[in-house]
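Undergrad: Based on what follows, work out the 3D shape:
(2 chains, ligands or ions: 2)
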2 protein chains.
Amino acid sequence: MQYPNGKKSSAKHYRPSVSQTIYSNRGMTLEEEINDTNHYYLAQQMAIIHKKPTPVQIVHVDYPKRSAAVIKEAYFKQASTTDYNGIYKGKHVDFEAKETKNKQSFPLSNIHMHQIDHMKQIVEHGGICFLLIRFTLYQETYLLPAEHLITHWEQQFTGGRKSIRYETVKKQGYIVPVRYQAKVDYLAAIDQYYMENGGRHHGR
Amino acid sequence: MQYPNGKKSSAKHYRPSVSQTIYSNRGMTLEEEINDTNHYYLAQQMAIIHKKPTPVQIVHVDYPKRSAAVIKEAYFKQASTTDYNGIYKGKHVDFEAKETKNKQSFPLSNIHMHQIDHMKQIVEHGGICFLLIRFTLYQETYLLPAEHLITHWEQQFTGGRKSIRYETVKKQGYIVPVRYQAKVDYLAAIDQYYMENGGRHHGR
Ligand SMILES: [Mg+2]
Ligand SMILES: [Mg+2]
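TA: Numbering: from 1, shown residues only, chains lettered A, B, ... in the order given. Ligands and ions are numbered 1, 2, ... in the order given. Here you go, the predicted model:
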């Protein structure tokens, strides 16, 4: 069933499960929670972070009289950058967000080469760059600094793992607190990251 | 006529005109020139600036077997932010670009209230924020600092003009040089703006 806002009904997909009690916001995706958090940050003047629109290749548009243009044929394009960026404490912030149902690890196939290239550039230019990884089964979200992600990503081509182990994410990343109005309070994780690195945002 | 890349043929719209010789890049829009310039900046590792995808409200998608998903119904949404952002010399950069065929002034109706609100926020958070205005008849492009744009935009509701005079843009703005590989070399204009303001990017 398609709804006018382009979302599918999630109600009919709902299946009770043994682990349901650990879901504090069942039905809300990581993306939706980040968007809510960004609205809160904006309203509180804490940071200005927006999700970039989904890139779409538009092929055919109808222009009916007296009503809005209708896109009749279009295709999803692969993103060449990350999904979120903006400004926090005067600094450029750039990140991607992914969730996985895996228990043991985060598969690197979730990240495209273009995105890694983009992240490298952001790091070189002094931006705050990271990946938010949610392990949905644990309902835990981590901020993994781009430097670590890039290292893991490159090692997969020289005999390394095709995924990052959950334990490694825990060790190299920063837990993102869940707050009432900031469900994915990643600014708190950025602050911690900075504090531990004395203002520099390089890997620890 | 529609081409697969979504662009219309510009050839058949071409009309020779008396003023044609002043067009150095006839047929190239400001947006195309900025995109080219951004590619150049990226390749030269000077700055990382991308255009945000056009925001589209997707209503219906077909998922044919063995081929890519096709968006069958979608609508253009009004942008709530500016079109371009990224990082330059470690600083967050955020801007909008507009061209006008007017000789005397730039109509403020080209800018939406949401965009002004966004620009105010970026300025408050210490970002480099501006409007690139091209007067196509003169083939001149100016960087107008957001602070000036915001002032003009607000004054229109208290008896002020509904447009910014060309002479005012010339006075308050910074000319954007045309270079072979950076057709809209706005980083040069940012540098000049900064230099004149001793590192602060407030109105002069
Ligand atoms: Mg993405
Ligand atoms: Mg625009």
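
Undergrad: Quick one: residues in contact with the helix ranked longest in chain A.
TA: Longest helix in chain A, counting residues (DSSP state H): helix A:30-43. By Cβ atoms under 8 Å, 6 or more residues apart in numbering or on different chains, the residues outside helix A:30-43 that reach it are A:25, A:46-51, A:83-84, A:86, A:97-99, A:132, A:134, A:141, A:181-187, B:121. (C-beta placed from N, C-alpha, C; glycine too.)

Undergrad: and what of stretch A:174-188?
TA: So stretch A:174-188 is in contact with A:24-25, A:28, A:30, A:33-34, A:36-37, A:40-41, A:46-47, A:88, A:95, A:132, A:140-143, A:189, A:192-193, going by Cβ under 8 Å, 6+ apart.

Undergrad: Among those residues, the buried ones, what's the ChimeraX command?
TA: Filtering the contacts of stretch A:174-188 down to the buried ones (16 or more other Cβ atoms under 10 Å in any protein chain shown) takes a single ChimeraX command:
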select /A:30,33,34,36,37,40,41,46,47,88,95,132,140,141,142,143,189,193
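
Undergrad: Quick one: mean pLDDT for stretch A:191-204?
TA: When pLDDT is averaged along stretch A:191-204, the result is 67.

Undergrad: From the contacts of helix A:30-43, list just the buried residues.
TA: For the contacts of helix A:30-43, buried by 16+ other Cβ under 10 Å: A:46-51, A:83-84, A:86, A:97, A:99, A:132, A:134, A:141, A:182-187, B:121.

Undergrad: Okay, and which of the residues you listed map to strands?
TA: Judged by DSSP state E, these include A:47, A:48, A:49, A:50, A:51, A:84, A:86, A:97, A:99, A:132, A:134, A:141 as members of strands.

Undergrad: what about the spatially most central residue of chain A, distance to residue B:125?
TA: Centroid-nearest residue in chain A, with Cα atoms, centre = their mean: residue A:97, separated by 1.3 Å. Remark: distance between residue A:97 and residue B:125 (Cβ to Cβ, to the nearest Å) = 21 Å.

Undergrad: Please enumerate the helices of chain A.
TA: Counting by DSSP H, the helices of chain A are A:30-43, A:113-124, A:146-155, A:166-172, A:186-196.

Undergrad: mind checking which of those helices is nearest residue A:104?
TA: Among the helices of chain A, helix A:166-172 comes nearest to residue A:104, with 5.6 Å by Cβ to Cβ.

Undergrad: can you tell me the distance between the two ends of stretch A:152-164?
TA: Stretch A:152-164 has an end-to-end distance of 7 Å (Cα to Cα, to the nearest Å).
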